[in-house]
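# Below are the sequence and a predicted model for it; my questions follow.
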Amino acid sequence: MPYFIRSYSNMSSPSPALATRLEAARAVVHDAAQMAMAMRPPPGGPQASQKSAQDWLTETDGAVEAFIANRMKTLFPDDGFQGEEGGVARTGSLRWVVDPIDGTSNYARGRCRWCISLGLLDGDEPVAGVIDAPALGEVYTALRGYGAFLNGKRIQASPVKDPASSMIEMGWSNRVPKPVFMEKMDAIMAMGTMPRSGGCGALALADVASGRLDGYIEIVINLWDVAAALPLLAEAGARVSPFLQEGGLTGPATIMAVNPHIAQALSKAVSIPLA
């Protein structure tokens, strides 16, 4: 029985196909994370090519994506595969979606807040995910119906109920007009919340699942950034905007993830609907 289900003997067993895939994904991502650590630049100015303002690409992005793509093809040749760098390489009813280095701007400067994110979709439904942040020593895993975990311990969304006690992160993108970003940020601060911006969307969403954050908003974000986090959020009891239904399966869309106690208040303040 997979490690993340052993504590739940009163629950029915998961689909063997999905459980096997999650265990394999965890091992593959672990190996990829070690590769990324070995290639990580030292602290200092960014060692990467700049695609656009604050949008970076490193040699590691391509190497990690190719490594994961090849390993998953060997293990599960009938599964589809989609990566940030290579696009849709294979199709299948089960589809892996990878962001080889999420938080590349942090990674390129030798910082620690970055991760490898690998999610599994069954058709259009996110069913499993692995987020490995090796510089932080943290691995998030989730399988729909069987909980969300950080380093093998179950996690839940924050119990904070008072917006004035909450912490909200908002991601920045050069694709978002400055007035739109400032409007949302002003609304967040007007609630009395503590704003944050950490430069890694996948880890911010994982932080909402673990209760480290009460909410995360990004106006323009892609499927590879969130595919692994969506099962985490669902299993941890967080509320999420209808990202997939509003275009996230095929292109960039808005995501908001928030603890259930302040979900309605944040949704109203920033004018982003909940699913």
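That came through fine.
# who's in contact with Gly86?
65-66, 69 (C-beta atoms under 8 Å, 6 or more residues apart in numbering). (Each C-beta comes from the backbone N, C-alpha and C, glycine too.)
# swap in Pro16?
No contacts exist for Pro16 under C-beta under 8 Å, 6+ apart.
# coming back round to it: can I get the contacts of Gly86 in a markdown table including secondary structure?
Below are the contacts of Gly86 laid out as a markdown table (DSSP: H, G, I helix; E, B strand; the rest coil):
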| residue | secondary structure |
| --- | --- |
| Glu65 | helix |
| Ala66 | helix |
| Ala69 | helix |
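# Buried ones only from those, please, as a ChimeraX command.
Provided next is the ChimeraX selection string for whichever of the contacts of Gly86 are buried by 16 or more other C-beta atoms under 10 Å:
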select :65,69
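# Return the member of the contacts of Gly86 nearest to Arg175.
Nearest to Arg175 among the contacts of Gly86, counting by C-beta to C-beta, is Glu65 at 21.5 Å.
# related to what we said a few turns ago, out of the contacts of Gly86, which is nearest to Arg113?
Nearest to Arg113 among those, with distances taken as C-beta to C-beta, is Glu65, at 19.7 Å.
# pretty sure the closest one contacts Phe81?
No. Using C-beta atoms under 8 Å, Glu65 is not in contact with Phe81; the gap is 9.6 Å.
# so what sits against both of the two?
In contact with both Glu65 and Phe81: Val98, using C-beta under 8 Å, 6+ apart.
# could you dump the contacts of Gly86 to a markdown table with distance to Met39?
Shown next, in a markdown table, are those (distance: C-beta to C-beta, whole Å):
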| residue | distance to Met39 |
| --- | --- |
| Glu65 | 13 |
| Ala66 | 13 |
| Ala69 | 17 |
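# shaky segments in this structure?
1-12, 44-57 (pLDDT under 70).
# Could you pick out the longest helix of it?
helix 16-39 (DSSP state H).
# quick revisit: can you tell me which of the contacts of Gly86 lies nearest to Asp225?
Glu65 (13.7 Å).
# List the contacts of that closest one.
Counting by C-beta under 8 Å, 6+ apart, Glu65 has contacts 83-86, 98, 100.
# Buried ones only from those, please, as a PyMOL command.
The buried residues among the contacts of Glu65 can be selected in PyMOL (16+ other C-beta under 10 Å) with this line:
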select buried, resi 83+84+85+98+100
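# Pick out whichever of the contacts of Glu65 sits closest to Thr254.
Closest to Thr254 out of the contacts of Glu65 is Glu84 (18.3 Å), distances taken as C-beta to C-beta.
# Quick check, Arg113 in contact with Leu136.
Yes. Between Arg113 and Leu136 there is a contact at 7.3 Å, judged by C-beta under 8 Å.
# So between those two, which is more surrounded?
More crowded of Arg113 and Leu136, by other C-beta atoms under 10 Å: Arg113, with 17 against 12.
# roughly how far apart are that one and Val258?
Arg113 sits 21 Å away from Val258, going by C-beta to C-beta, to the nearest Å.
# Kindly report the same for Met194.
The gap separating Met194 from Val258 is 14 Å, by C-beta to C-beta.
# swap in Ala27?
32 Å.
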